[in-house]
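Undergrad: following is a predicted model, sequence given first.
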Amino acid sequence: MLLRKLSLYVNTLKYMKLKQVSYQVFYRARKKLGIQQNFQTFKENCVPFEFPFGISNPISFEATSTFTFLNKSCVFPDLIDWNYPEYGKLWTYNLNYFDFLNQSNLDADVGMELIESYIKFDGQLKDGKEPYPISLRGINWIKFISKNKLSISAIDQILFEHYQILLANREYHLLGNHLLENGFSLYFSAYYFRNEKFLKSAIEILRAELNEQILKDGAHFELSAMYHQIMLHRLLDCIQLAKYNHWAKDAILPFLEEKATVMLSWLETITYVNGDIPMMNDSTFQIAPTTHQLLNYAKELEIKWGAIQLKESGYRKWNDEKYELVMDIGAIGPNYIPGHAHADTFNFELYVDNSPFIVDTGISTYEKNERRQVERSTSSHNTVVLNQLNSTSVWGGFRVGKRAEVQVLNENSIQIKASHNGYKEIKAKHQRCFKRTENQIIIEDLVDSKKDFSAMAYLHFHPSIGNIVQNDNELDCRDQKIKINFDKNIRSVRKLEYDYCAGFNKTLAAIAFEITFDKELKTTITL
């Protein structure tokens, strides 16, 4: 057991960048030794800027002092507890983001009262003074101040102090979307405070991280369509800031527009006709702006984009008059920051007649609990499980140990074949081939192993799909007039129930099927 745990840690840590480890050590040592950072002196030269349009945040605050995040509500009848812990850290984070300042129906006076309440609570803040919530809150405060043409010294003072904390604690120990959010926010603060130090740091982060994090096919490298939408929204905000406010003498605007163009192309390509995004990896509903909102925002900013071929992201998509099929034949994500990855190699989603049919189960929590582990597991995805193992060792909420490595063997317009080695412990490889004909999708699985193994493939149906009749090796989805056949060499087909994630802290009962087979499995979906 000890050796297994040690191996898990080694296989997790060995992929980290030296920069991550160095900053982890530095930040912890600085805190332990009580070293104080030297902050700049605040000077009153704040300038609210022009921000004529954008995307309103979802409604999360009601005048009764009710806050609703992640499908959980809390009423504060007297004073707001900005450290409120009862719904977990992510809920507290959302409370501290202040997204509600920029919801469509918030009165400016109410917004001011909320900010003043926060300022009075400043000395007691815990999660709110971490760099990630500072980053998101800073953008929301500055947008709100600029929209309402406010100039209040007490707000500017505390905002400047928080940005000093952010500057001293940029998330180089985490990297990924966290550091990119730091960069976006520092860009906003630079314009608002006319601060060259903030600007220098922002540009340094944005240039390096957008080059690193945006793949050649336009995808955000953490391979979550939800996080892609979030990062694109922030990028478009920065583009608007630079286009309508001429303070900084930097040449970063064309670079930002270039990155936005490929991100828009990828997002439009991966999005289903009905507007849904694939729920692969850490993605769920009601968190990010929709693809439709983002494309319209880009048009307002006069950004043009075109078609793009999915490649580096590892996703592939087939479009037909009747169906859309998204397949995952790539790496789980960046090796040094796979926290939002799932053990889902060769997973797929199938939409039929613009509606979800076979789906990813999604996520409902970020808490480090059994539910989180189940949602990241291989058996929660539409792929093959060997010996009840995960194809990638997901653990600890956001950790990954050994991970599946994919090799694409053959690819053309009607066939994609790839293999992965995620089951090294039993010396096995899983090969999957997707084929399409005029009215069929065929999935062929082959397991090559030198040891005995059990093999189970899973299909998860959307909660709206209920009228499925099983006849031996055939599933008859009568409402959709779709039949799914498995070859006769299988051992069993078993109906299961699972929890489909309809958002954070929100699940719906749905049907799945577990197909047990020996070495080869052929699944034919006839539409």
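TA: Structure's in. What do you need?

Undergrad: domains for the chain, by residue range?
TA: 37-213, 216-302, 318-526 (automatic domain parsing).

Undergrad: nearest to residue 10, of those domains?
TA: Residue 10 lies closest to domain 318-526 among these, at 8.2 Å (C-beta to C-beta). For glycine as for every other residue, the C-beta is placed from the backbone atoms N, C-alpha and C.

Undergrad: got any ranges where the stretch 351-500 of the chain has weak pLDDT?
TA: Along the stretch 351-500 of the chain, no part satisfies pLDDT under 70.

Undergrad: ranges for the helices of it?
TA: In the stretch 351-500 of the chain, the helices defined using DSSP state H, counting those that start in this stretch lie at 370-376.

Undergrad: go on, the stretch 101-250 of the chain?
TA: In the stretch 101-250 of the chain, the helices defined using DSSP H, counting those that start in this stretch lie at 108-120, 131-147, 153-168, 176-193, 196-213, 225-244.

Undergrad: winner for burial among those?
TA: When the helices of the stretch 101-250 of the chain are scored by mean count of other C-beta atoms under 10 Å, the highest mean neighbour count falls to helix 176-193 (a mean of 25).

Undergrad: give the other helices and strands that that one contacts.
TA: Under the contact criterion of 3 or more C-beta pairs under 8 Å, 6 or more residues apart in numbering; DSSP states H and E, helix 176-193 touches helix 131-147, helix 153-168, helix 196-213, helix 225-244.

Undergrad: if we can go back for a sec, of all the domains of the chain, which one is nearest residue 16?
TA: Of the domains of the chain, nearest to residue 16 by C-beta to C-beta is domain 318-526, at 5.3 Å.

Undergrad: got the end-to-end distance for that closest one?
TA: End-to-end distance of domain 318-526 (C-alpha to C-alpha, to the nearest Å): 15 Å.

Undergrad: cool, and stretch 71-80?
TA: Length of stretch 71-80, first residue to last, C-alpha to C-alpha: 19 Å.

Undergrad: tell me the mean pLDDT over it?
TA: Throughout stretch 71-80, pLDDT has a mean value of 95.

Undergrad: mind listing what's buried in it?
TA: Buried residues in stretch 71-80, counted by 16 or more other C-beta atoms under 10 Å: 74, 80.

Undergrad: go on, stretch 466-484?
TA: Residues 468, 475, 477, 480, 482, 483, 484 are the ones in stretch 466-484 that count as buried (16+ other C-beta under 10 Å).

Undergrad: which residues touch that stretch?
TA: Outside stretch 466-484, the residues that touch it by C-beta atoms under 8 Å, 6 or more residues apart in numbering are 352-353, 357, 459, 461, 465, 485-488, 490, 493, 495, 511, 513, 523-527.

Undergrad: so which of those residues belong to strands?
TA: 352, 357, 459, 485-486, 493, 495, 511, 513, 523-526 (DSSP state E).

Undergrad: from these, which single one is nearest residue 376?
TA: When the ones in strands among the contacts of stretch 466-484 are compared against residue 376 (criterion: C-beta to C-beta), the nearest one is residue 459, at 18.5 Å.

Undergrad: check contacts around the closest residue to that closest one other than its chain neighbours.
TA: Nearest residue to residue 459, sequence neighbours excluded (C-beta to C-beta, 6 or more residues apart in numbering): residue 513, at 4.9 Å. By C-beta under 8 Å, 6+ apart, the residues touching residue 513 are 458, 459, 461, 470, 475, 493, 494, 495, 496.

Undergrad: show me the contacts for residue 267.
TA: 218, 225, 228, 229, 232, 277, 291, 294, 295.

Undergrad: pLDDT value on residue 230, please?
TA: The model's pLDDT for residue 230 equals 98.

Undergrad: give the contact list for the nearest residue to residue 436 once chain neighbours are set aside.
TA: With sequence-adjacent residues excluded and distances taken as C-beta to C-beta, 6+ apart, residue 436 is closest to residue 414, at 5.4 Å. Applying C-beta under 8 Å, 6+ apart, one finds that residue 414 lies in contact with 435, 436, 437.

Undergrad: against residue 291, how distant is the closest residue to the last one other than its chain neighbours?
TA: Looking back up the chat, that one is residue 437. Leaving aside its sequence neighbours, residue 437 sits nearest to residue 414 (C-beta to C-beta, 6+ apart; 7.6 Å). Going from residue 414 to residue 291 by C-beta to C-beta, to the nearest Å gives 27 Å.

Undergrad: same question for residue 485.
TA: 34 Å.

Undergrad: which of the two has more neighbours?
TA: It is residue 291, of residue 485 and residue 291, that has more neighbours when counted by other C-beta atoms under 10 Å, with 21 against 18.
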